[in-house]
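Student: generate coordinates for the sequence data below:
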Amino acid sequence: MLNALGIIPARYASSRLPGKPLIDLGGQSIIQRVVAQAQKSSLSRVVVATDDERIYRHVLSFGGEVILTSPDHPSGTDRVFEAYQKLDLGAEVDCVINIQGDEPFVQPAQIDALVQLFAATPPPQIATLVKPVLTEEELRSPHLPKVVIDQRGQALYFSRHPLPYQRQHAPEQWLAHHRYLRHIGLYAYRPDILEQITRLAPSPLEIAESLEQLRWLEHGFRIQTTETNLETIGIDTPDDVARALQFLQSQAHA
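Tutor: The predicted model follows:
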């Protein structure tokens, strides 16, 4: 059985929603809901990695495992790697799953789909999820990155712009003539690859698109994708909080 470690990076500072992990959603904080969902998966262990004492104490209060990390990390991936180092698990871990701390409804099946990829020989370097684009709104939204993959399901490119460009069709007809995929920001890494990618300097494509995964592609790392049809609700703004509460209410009355 694979030994898969789940790490949830959670920072207090957020330009649009300060203290986001601690926001109450129907009686539980966002970070508590993320932890609960992750614990339903096949992960061997789930750990929160935070830079803030308030989040640290809160996670302990509901019985979660948590590690304090530096406040200076430029990305969640760097925070995940520091937490992994502090756990000092060595060769025991087959893969590390980076679970977004603002995804309170992440599905255990989505986590499991990534873990299962590491049963392959050889296992992937990095893995992530893709989901079919279903609406024009999704296709045009710069907040929902799109991904182009090859015949083996490996990522060729990620963009905030719809790709590919269909020269022979008007943009409003693109969805009818091509199957677009968007990226779901759940990552899995081999531990040795996680260490390597945290040493990389920011790359031109990453800076242009503001997408960290382009740094890895530009440096020659391979990202395996697997498809999901399950939806999640990320929390970035007060409007997202309202949407998440509506979702909770609809689930309660279902």
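Student: for burial, what's the neighbour tally of residue 70?
Tutor: Neighbourhood size, residue 70 [other Cβ atoms under 10 Å]: 9. C-beta coordinates here come from the backbone N, C-alpha and C atoms, glycine included.
Student: since we're on residue 218, how many residues are nearby?
Tutor: 14.
Student: helices of the stretch 151-254 of the chain, start to end?
Tutor: Here the stretch 151-254 of the chain has its helices, by DSSP state H, counting those that start in this stretch, at 174-177, 191-197, 204-209, 213-218, 238-252.
Student: so which of the ones you listed gets nearest residue 184?
Tutor: Nearest to residue 184, of all the helices of the stretch 151-254 of the chain, is helix 213-218, at 11.9 Å by Cβ to Cβ.
Student: so for that closest one, mean pLDDT?
Tutor: Averaged over helix 213-218, pLDDT sits at 98.
Student: I'd like to know which elements it is packed against.
Tutor: Counting contacts by 3 or more Cβ pairs under 8 Å, 6 or more residues apart in numbering; DSSP states H and E, helix 213-218 is packed against strand 155-159, helix 204-209, strand 223-227.
Student: what about 10 Å?
Tutor: With contacts defined as 3 or more Cβ pairs under 10 Å, 6 or more residues apart in numbering; DSSP states H and E, the packing partners of helix 213-218 are helix 76-87, strand 126-132, strand 155-159, strand 181-189, helix 191-197, helix 204-209, strand 223-227.
Student: what does it rub up against?
Tutor: If you take Cβ atoms under 10 Å, 6 or more residues apart in numbering as the criterion, helix 213-218 is touched by 75, 77, 125-126, 128, 145, 147, 154-159, 183, 185, 187, 189, 193, 196-197, 200-208, 211, 221-223.
Student: buried subset of those as a ChimeraX selection?
Tutor: Paste this into ChimeraX to select the buried members of those, with burial taken from 16 or more other Cβ atoms under 10 Å:
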select :77,125,126,128,145,147,154,155,157,158,159,183,185,187,189,193,196,197,205,206,211,221,223
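Student: tell me the domain boundaries of this protein?
Tutor: For the chain, the structural domains run 1-106+237-254, 122-183+201-231, going by automatic domain parsing.
Student: got JSON lines for these, with distance to residue 112 too?
Tutor: Shown next, in JSON lines, are the domains of the chain (distance: least, Cβ to Cβ, whole Å):
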{"stretch": "domain 1-106+237-254", "distance to residue 112": "5"}
{"stretch": "domain 122-183+201-231", "distance to residue 112": "10"}
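Student: alright, calling it a day.
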